[in-house]
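S.K.: the following block contains a protein sequence and its predicted model.
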Protein chains: 2
Amino acid sequence: MVSESARPRECSVARTLEIVGEKWALLAIREVFLGNRRFDEMVRRTGAPRDTLAARLRVLVGAGILARRQYSEHPARFEYHLTEAGRDLYPVILTLMRWGDTYLAGQDGPPLVLEHRCGHRLAAQLVCESCGEPVAPGSARPVLQRALEPVDKGVHAARLASCSSRWAGGLRSPPQRRGGGRRVS
Amino acid sequence: MVSESARPRECSVARTLEIVGEKWALLAIREVFLGNRRFDEMVRRTGAPRDTLAARLRVLVGAGILARRQYSEHPARFEYHLTEAGRDLYPVILTLMRWGDTYLAGQDGPPLVLEHRCGHRLAAQLVCESCGEPVAPGSARPVLQRALEPVDKGVHAARLASCSSRWAGGLRSPPQRRGGGRRVS
DNA sequence: TGTGTTAGTCCGGAAACTGGACTCACTCTA
DNA sequence: TAGAGTGAGTCCAGTTTCCGGACTAACACA
């Protein structure tokens, strides 16, 4: 048996990145957020190869992040809409955007900003879920909730395959287990 | 000349994804956040191929997100530390993690949570930068700040190459241009 | 002397990506 | 009525990247 420290970490970041951890997937989602829901428009706006974009959209639809809706019958035409899971990726897109605004914008500033109705930009603030207090990155404590499972690629495949049905079934918030966690060194 | 709508969108999300828009890069950053700064530990914890991880680390160091520090001279041994730019990616990691916690955690709940000192989980809240008001995704307005430039891969390469020196020079907050933006349909 | 650690590099096969051409069923315009 | 345009892809061949596994070098430790 492999020692615990020799096993890859099974965490929500890794799981999420299995689905959206790729440039074209996130850019496609960005376009849908900006209101461009059609294939050709996404190709133009993202610069993705058509093949690659088609593959990404299939994965995103399969994972329940986008929903493919027919808006014309003859000929068959489709649009991609965000599901609730897709809309919940908004903070991911926004934090990526804010980081780029800060570190990669040139002299002219960021090319596109998201404005609040009062005319100022949005920010993603780290807060405690319960007390609402703003949190500095260093002050958070990582806590292992259960023994790490050995990584088995079949598990990932099965989880991805079951995404749509689980979402369709309305499973959103998994049971929370509080306490009993182990501190990570 | 190509019409504006035929050009890929030049935005901070795309720019950021050119550097960190890949699974192994983000997982490496996650590990450094969790305190694992050494190559072999990252290999074990992320499951990344050694070659691929070495390549990602080179890019991250080149982009000024990680700093490579020697902690032993004979033999030469190195650790990877987060720069300020790297620490500012914390909200990105956290939002990815929270999404996975919500949509991909199984019966047992998320394997790893980040706790506030009061014992509750962290969340990333979208707020208006100025008035601090919480913002719903749909209520933000995308505003183009300047004419979209044609995408030229050389521009990206040059920007990435100059990342380290620009950060070293202390350029953090690009000049903000308020007003005069064009609404995006 | 043998084993372990650390931070990688080297290699060859497999998989994914890429740009460009093509398809098909329409609709629009001259 | 012909030709061009649109939309949502697929097909293809060449290129690039990924991946697993073996290997290295300089030490420390038993």
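M.R.: Cool, got the structure.

S.K.: which parts of chain A are helices?
M.R.: A:12-20, A:23-33, A:39-46, A:50-62, A:84-87, A:90-103, A:153-161, A:163-168 (DSSP state H).

S.K.: closest one to B:Ala54 among those helices?
M.R.: helix A:12-20 (19.0 Å; Cβ to Cβ). For every residue, glycine as well, the C-beta is placed using N, CA and C.

S.K.: if we can go back for a sec, out of the helices of chain A, which gets nearest to B:Val135?
M.R.: Here helix A:90-103 is closest among those (Cβ to Cβ), at 9.3 Å.

S.K.: circling back to that earlier point, any idea which of the helices of chain A scores lowest on pLDDT?
M.R.: Among the helices of chain A, helix A:163-168 has the lowest mean pLDDT, at a mean of 32.

S.K.: wait, A:Thr95 sits on A:Gln125?
M.R.: No: using Cβ atoms under 8 Å, A:Thr95 is not in contact with A:Gln125; the gap is 10.3 Å.

S.K.: residues of chain A that sit close to DNA strand D?
M.R.: A:38-41, A:50-51, A:54, A:57, A:68, A:71, A:75-79 (Cβ under 7 Å from any atom of the strand).

S.K.: which one of those residues is nearest chain B?
M.R.: Closest to chain B out of the residues of chain A next to DNA strand D is A:Glu41 (8.0 Å), distances taken as Cβ to the nearest Cβ.

S.K.: so how far is DNA strand C from that closest one?
M.R.: Note on A:Glu41: its distance to DNA strand C, by Cβ to the nearest atom of the strand, to the nearest Å, is 15 Å.

S.K.: neighbours of that residue, how many?
M.R.: 15 (other Cβ atoms under 10 Å in any protein chain shown).

S.K.: A:Val32 is in contact with that one, correct?
M.R.: No: judged on Cβ under 8 Å, A:Glu41 makes no contact with A:Val32 at a distance of 10.0 Å.

S.K.: any residues in contact with both of A:Thr95 and A:Gln125?
M.R.: Counting by Cβ atoms under 8 Å, 6 or more residues apart in numbering or on different chains, the shared contacts of A:Thr95 and A:Gln125 are B:Ala124.

S.K.: between the two, who's got more neighbours?
M.R.: Neighbours were counted for A:Thr95 and for A:Gln125 using other Cβ under 10 Å; A:Thr95 has more, 26 against 17.

S.K.: ok, now which ones touch the nearest residue to A:Ala14 once chain neighbours are set aside?
M.R.: Of all residues not flanking A:Ala14 in the chain, B:Leu27 sits nearest, at 6.1 Å (Cβ to Cβ, 6 or more residues apart in numbering or on different chains). The contact partners of B:Leu27, by Cβ under 8 Å, 6+ apart, come to A:13-14, A:17, B:45-46, B:48.

S.K.: just the closest of these to DNA strand C, please.
M.R.: B:Ala48 (10.7 Å; Cβ to the nearest atom of the strand).

S.K.: and the gap between the closest one and B:Arg98?
M.R.: When distance is defined by Cβ to Cβ, to the nearest Å, B:Ala48 is 23 Å away from B:Arg98.

S.K.: residue nearest the centroid of chain A?
M.R.: With distances taken as Cα atoms, centre = their mean, A:Leu89 lies nearest the centre of chain A, 4.5 Å away.

S.K.: from chain B, how far off is that one?
M.R.: 6 Å (Cβ to the nearest Cβ, to the nearest Å).

S.K.: surely that residue meets A:Ala63?
M.R.: No: assessed by Cβ under 8 Å, A:Leu89 is found out of contact with A:Ala63, at 10.8 Å.

S.K.: just give the number of residues close to A:Ile65.
M.R.: So A:Ile65, with other Cβ under 10 Å, has 29 neighbours.

S.K.: contacts only, for it.
M.R.: Contacts for A:Ile65 (Cβ under 8 Å, 6+ apart) come out as A:19-20, A:29, A:82-83, A:85-86, A:89.

S.K.: quick one: which two of the residues you listed are the most distant?
M.R.: Longest span within the contacts of A:Ile65, Cβ to Cβ: A:Ile19 and A:Leu82, 14.1 Å.

S.K.: make a ChimeraX selection of the buried ones in the residues of chain A next to DNA strand D.
M.R.: Here is the ChimeraX command that selects only those of the residues of chain A next to DNA strand D that count as buried (16 or more other Cβ atoms under 10 Å in any protein chain shown):
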select /A:39,57,79
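
S.K.: burial count for A:Gly62?
M.R.: For A:Gly62, the neighbour count with other Cβ under 10 Å is 14.

S.K.: how far away is it from A:Ala25?
M.R.: 12 Å.

S.K.: same deal with A:Arg117?
M.R.: 30 Å.

S.K.: now do A:Ala63
M.R.: A:Ala63 is 9 Å from A:Ala25, by Cβ to Cβ.

S.K.: those two - which one has more neighbours?
M.R.: More crowded of A:Ala63 and A:Ala25, by other Cβ under 10 Å: A:Ala25, with 26 against 23.

S.K.: distance of the nearest residue to the more buried one once chain neighbours are set aside from A:Pro75?
M.R.: Using Cβ to Cβ, 6+ apart and skipping the chain neighbours, the partner closest in space to A:Ala25 is A:Arg56 (4.7 Å). The gap separating A:Arg56 from A:Pro75 is 23 Å, by Cβ to Cβ.

S.K.: next one: A:Met42
M.R.: For A:Met42, the distance to A:Pro75 - Cβ to Cβ - is 18 Å.

S.K.: same question for A:Ala105.
M.R.: A:Ala105 is 41 Å from A:Pro75, by Cβ to Cβ.

S.K.: repeat for A:Arg117
M.R.: Taken as Cβ to Cβ, the span from A:Arg117 to A:Pro75 is 39 Å.

S.K.: please see if stretch A:95-110 touches chain B.
M.R.: Yes: using Cβ under 8 Å from any Cβ of the partner chain, we find that stretch A:95-110 touches chain B at A:95-110.
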